[in-house]
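# Whatever this is, show me its structure:
(2 chains)
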Protein chains: 2
Amino acid sequence: MADLAPILNDIDRDLDNALERLFAFLRIPSISTDPAYAGHCREAAAWLHGHLEALGFETSVEETSLHPVVLAHAPKPGTPHVLFYGHYDVQPVDPLELWETPPFEPHIAEDAGAKRIVGRGASDDKGQVMTFIEACRAFKAMEGELPCGVTILIEGAEENGSQGLPEWVAANREKLGADIVLVCDTSMWNPTTPAITTALRGLAYFEVKVTCADRDLHSGFFGGAARNPIHVLSRIIADLHDADGRVALPGFYEGVRETPPEVLEQWRGLGLTAESFLGPIGLSEPAGEKGRLILEMVQSRPACDVNGIIGGYTGEGTKTVIASTASAKVSFRLVGDQDPAVLAKTFEAFVRERVPADCKVEVITYKGSRAIALPYDMPELALAKAALEAEWGVPPVTVGAGGSIPIVGDFKRLLDRNTLLIGFGLDDDRIHSPNEKYALTSFHKGARSWARILSAFGQARA
Amino acid sequence: MADLAPILNDIDRDLDNALERLFAFLRIPSISTDPAYAGHCREAAAWLHGHLEALGFETSVEETSLHPVVLAHAPKPGTPHVLFYGHYDVQPVDPLELWETPPFEPHIAEDAGAKRIVGRGASDDKGQVMTFIEACRAFKAMEGELPCGVTILIEGAEENGSQGLPEWVAANREKLGADIVLVCDTSMWNPTTPAITTALRGLAYFEVKVTCADRDLHSGFFGGAARNPIHVLSRIIADLHDADGRVALPGFYEGVRETPPEVLEQWRGLGLTAESFLGPIGLSEPAGEKGRLILEMVQSRPACDVNGIIGGYTGEGTKTVIASTASAKVSFRLVGDQDPAVLAKTFEAFVRERVPADCKVEVITYKGSRAIALPYDMPELALAKAALEAEWGVPPVTVGAGGSIPIVGDFKRLLDRNTLLIGFGLDDDRIHSPNEKYALTSFHKGARSWARILSAFGQARA
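Take a look at the predicted model:
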């Protein structure tokens, strides 16, 4: 085995500079879902382009139908080749008033001795992406080359359903040749135990807009006679779940398989309880299907959540209005063989059944993805497990993840390659929320972990 | 009977100037519910002060706990004295993008020969207030004095539940001596038939804020296990009505009296149908209690409407978030002896029963008002009916109104005076909505109507 000490030492020694590099990346407000930030998405791509080129990668920025992707190559004949995927785009920052510091002014905060990197994208996914790039930087700095072949693909629309990426991947297969895909966009089991994610829930996302009268009405004149779209929408949302917390759409659970008893037994052994999972976010009662483990609820069972709702007067004080329209964003987490295309039809029919004949409803379907599950016998899985154990001192947990990374399914379908999901986020990183953070240990030991993994891969066939 | 022709001729001749005066008033964005517009409320009061002083009224601007009131006196010993009430404040203008022209740039628009005054407040209540003031102006111009004693009280917080006004009235009873109160804030029966409103529904207005987790959550990580406040709120709203359109709060219908059969018979004879009432706003199916007339639904029956709702991500595109909080504004129209204070307790209990134990809910109660009904044998009612018939050529309809004007109950309680509600608005005036308008005939013949009414009152005891 090659001596990794100089590489790891370089990562340790250069940590402050690594943080400065990450901060520069975090300062770019590359929000992909809001067209007003399209220029900043392009700016983030340009920053990566310059950075990866400086590290010796053959780098290009390539157009998609939405925001561009950054592609960087460093081939090494005779060794395995990995395709690393991440995203430079970030979630919107509202509600802005709940941020303790401006979301795009990254900094280190310290709490009881634990340092964290604070800012939008610190964890999802800029901080995670930079763990991989910092590992590459250390190899280049100390050895002039990487231990195995590497292609880096960083997209800019992950938070917008990876719009345009599958088409770009399909059209650029020859640029993406690799033995395996690596993704750094998932979490550790806890702050001291790494995790490799081997399953991901799918996603179906809809927007429902109900229109009743053709104008806003005075509730004094019309209240009692005119249909109120907020009532119609609330009825639809209330009907989405039954009294046992199950999703009440007809046929919704078709394709959902029960978790095998031996896996459930293993999960019970992990000791995750309602208190330990929900306590840190101020809750105590699981809201999901009755009689299920918390881990089932968030990993192996489907779920439905309304992600946003708006209608009528929402300013200060009172307004006696019956709104003309009300709308909600509704998403489903999918498992097993649940098909987002089938769900789209079921959902639209479910909604339309509940809209009075003289009202109108529009159902917008955003890009969906099926759930995926990776094979347990991938040789790279064993190598990665050993590398992570060497860094963290404990073996990694292999888990499913509740969130969706649709492109992983696309890599399988379009490139016929499996994906190893190794990330260093923590459950309290507040990703998608105000005051997003990334533990400094995640960033530092994440880079060291990737150095160990790349080294192990490089020796596999060397 | 005095010769009214010179007065009416002067109103006709000076119409263009009257419109310029109204436009100046309408240009002031005196939105009372938004603290940001407090200065403009004061500006509207100052404009009225100057205008009424110029007409020879003894005028003052007096402070209340919110926006000031304008008070103007023109006594005439030996004649009846009327107290005219109106409001200079207007509703918020959102959604601004639905206005075809800026809300505070009033102008005349013409549609198939029918002219209308367009702008926020054109109908509610600045245009209506100015019909009365223009009638006073014509008397002053032609005769140098009014036909009866007049006190004008224009408040600035009607759209904010008349906050501060009852207290001010209670403390200033001696300034408000009058035989009867006149209010111009209601509608005609149709564009050619005037109406006198003899009953008003009461109002109870609440805001409900549900908080689940102590932060926004990623729906991938937490979806299926963490409680979603939009679901909790939607369930509460869905439960507010039963399948027959009745309000489902326990005891809600206590104090609600059935409309007498002979009144129902008269209402049936008016020929108001779902098509004629709802058709103009793009609807066709009554949403209220099954088996009730449309007129019952909007006048003699109570009702509940959610006036606004907001939670989670409401921007463009998608965000996979479970919000920490969601809130809704919920109001009730009251009739008979329904008591807003009792309802506040029932409503809060109803809400709390539906909030999971580990979540929080805040219920804000805004100022409420009971329903009121005026005596049919008021002598001024007969005088006003005759005056309106003389102007419009048909006798006025006496009706109930669905909307609430809480101060009318306060005038009865604090001043022991009845109120005649005579207004010239039309049901399609879009008050509280974008593109509010006031028919030019409402404005012009409204002023002529008040001239006739004041003249009739002046002769009653002359």
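
# show me what contacts the one residue in the stretch 201-350 of chain A that gets nearest to chain B?
For the stretch 201-350 of chain A, the residue closest to chain B is A:G220, as judged by CB to the nearest CB, at 2.5 Å. The way it works is simple: take the backbone N, C-alpha and C, and place the C-beta from them, glycine included. Applying CB atoms under 8 Å, 6 or more residues apart in numbering or on different chains, we find A:G220 in contact with A:320, B:201, B:203, B:333, B:401-404.

# among the residues you listed, which two are most distant?
A:T320 and B:A401 (12.8 Å; CB to CB).

# Which one's more surrounded, these two?
In this view A:T320 and B:A401 are compared by other CB atoms under 10 Å in any protein chain shown, and A:T320 has more residues nearby, 25 against 21.

# mind checking how far that one is from B:L203?
Noted for A:T320: a distance of 7 Å to B:L203, by CB to CB, to the nearest Å.

# sorry, back to before: helix or strand: which one has the residue of the stretch 201-350 of chain A closest to chain B?
helix A:219-222 (DSSP states H and E).

# Surely A:S449 touches A:A387?
Yes: between A:S449 and A:A387 there is a contact under CB atoms under 8 Å: 6.7 Å.

# hmm, the longest helix anywhere in chain A touching chain B?
The residue-count maximum for a helix in chain A (DSSP state H) belongs to helix A:440-460. No: taking CB under 8 Å from any CB of the partner chain as the criterion, helix A:440-460 and chain B are apart, separated by no less than 15.5 Å.

# now do stretch A:314-328
Yes: under the criterion of CB under 8 Å from any CB, chain B is reached by stretch A:314-328 at A:314-323, A:326-328.

# What is the most widely separated pair among the residues you listed?
Most distant of the residues of stretch A:314-328 next to chain B, by CB to CB, are A:G317 and A:A328, 23.9 Å apart.

# Comparing those two, which residue is more hemmed in?
Legend: neighbour count by other CB under 10 Å for A:G317 and A:A328, higher for A:A328 (27 against 19).

# Spatially, which residue comes closest to the more buried one, not counting chain neighbours?
A:I309 (4.3 Å; CB to CB, 6 or more residues apart in numbering or on different chains).

# and that neighbour, what does it touch?
A:233, A:237, A:326-329, B:230, B:234, B:309-312, B:314, B:326.

# What about these, which one has the most neighbours?
That'd be A:L233 among the contacts of A:I309, by other CB under 10 Å, with 31 neighbours.

# Just checking the worst-scoring helix or strand of chain A on mean pLDDT against chain B, any contact.
Taking mean pLDDT, DSSP states H and E as the measure, the helix or strand of chain A with the lowest value is strand A:397-401, at a mean of 77. Yes: Strand A:397-401 reaches chain B (CB under 8 Å from any CB) through A:A401.

# same check, this time on stretch A:71-90
No: under the criterion of CB under 8 Å from any CB, stretch A:71-90 makes no contact with chain B; the nearest approach is 11.1 Å.

# Can you show me the strands along the stretch 51-200 of chain A?
Along the stretch 51-200 of chain A, counting by DSSP state E, counting those that start in this stretch, strands occupy A:58-62, A:69-74, A:81-87, A:107-111, A:114-118, A:149-155, A:180-183, A:195-200.

# elements contacting the first one?
If I follow you right, that is strand A:58-62. helix A:38-54, strand A:69-74 (3 or more CB pairs under 8 Å, 6 or more residues apart in numbering or on different chains; DSSP states H and E).

# if we go to 10 Å?
Where contact means 3 or more CB pairs under 10 Å, 6 or more residues apart in numbering or on different chains; DSSP states H and E, strand A:58-62 is packed against helix A:38-54, strand A:69-74, strand A:149-155.

# Alpha carbons of the last one, in PDB - could you do that?
Coordinates of each C-alpha in strand A:149-155 appear next as PDB, following Å, rounded to 0.1, in the frame of the first residue of the first chain:
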ATOM      1  CA  GLY A 149      -8.400   8.100 -13.200                       C
ATOM      2  CA  VAL A 150     -11.000  10.800 -12.200                       C
ATOM      3  CA  THR A 151     -13.700  12.600 -14.000                       C
ATOM      4  CA  ILE A 152     -15.600  15.300 -12.100                       C
ATOM      5  CA  LEU A 153     -19.100  16.300 -13.100                       C
ATOM      6  CA  ILE A 154     -20.700  19.100 -11.100                       C
ATOM      7  CA  GLU A 155     -24.200  20.200 -12.200                       C
END
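
# would A:A341 count as being in a strand?
No: assessed with DSSP: H, G, I helix; E, B strand; the rest coil, A:A341 is helix; it does not lie in a strand.

# separation between it and A:V363?
14 Å.

# what's the answer for A:G56, then?
Taken as CB to CB, the span from A:G56 to A:V363 is 49 Å.

# can you check A:A204 too?
From A:A204 to A:V363 the distance is 12 Å (CB to CB).

# likewise A:A387?
Separation of A:A387 from A:V363 (CB to CB): 46 Å.

# ok, now A:N228?
For A:N228, the distance to A:V363 - CB to CB - is 19 Å.

# Looking at the two, which one has more neighbours?
Using other CB under 10 Å, the more surrounded residue of A:N228 and A:V363 is A:N228, with 31 against 18.

# Need the strands of the stretch 51-200 of chain A in JSON lines (columns: distance to B:E254).
Listed next are these as JSON lines, based on distance: least, CB to CB, whole Å:
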{"stretch": "strand A:58-62", "distance to B:E254": "70"}
{"stretch": "strand A:69-74", "distance to B:E254": "65"}
{"stretch": "strand A:81-87", "distance to B:E254": "59"}
{"stretch": "strand A:107-111", "distance to B:E254": "55"}
{"stretch": "strand A:114-118", "distance to B:E254": "55"}
{"stretch": "strand A:149-155", "distance to B:E254": "61"}
{"stretch": "strand A:180-183", "distance to B:E254": "62"}
{"stretch": "strand A:195-200", "distance to B:E254": "55"}
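
# Same list (those) but as TSV, adding mean neighbour count and mean pLDDT.
Supplementary listing: the strands of the stretch 51-200 of chain A in TSV, determined by neighbours: other CB atoms under 10 Å in any protein chain shown; pLDDT from 0 to 100:
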stretch	mean neighbour count	mean pLDDT
strand A:58-62	15	97
strand A:69-74	22	98
strand A:81-87	25	97
strand A:107-111	12	94
strand A:114-118	19	96
strand A:149-155	25	98
strand A:180-183	23	96
strand A:195-200	22	88
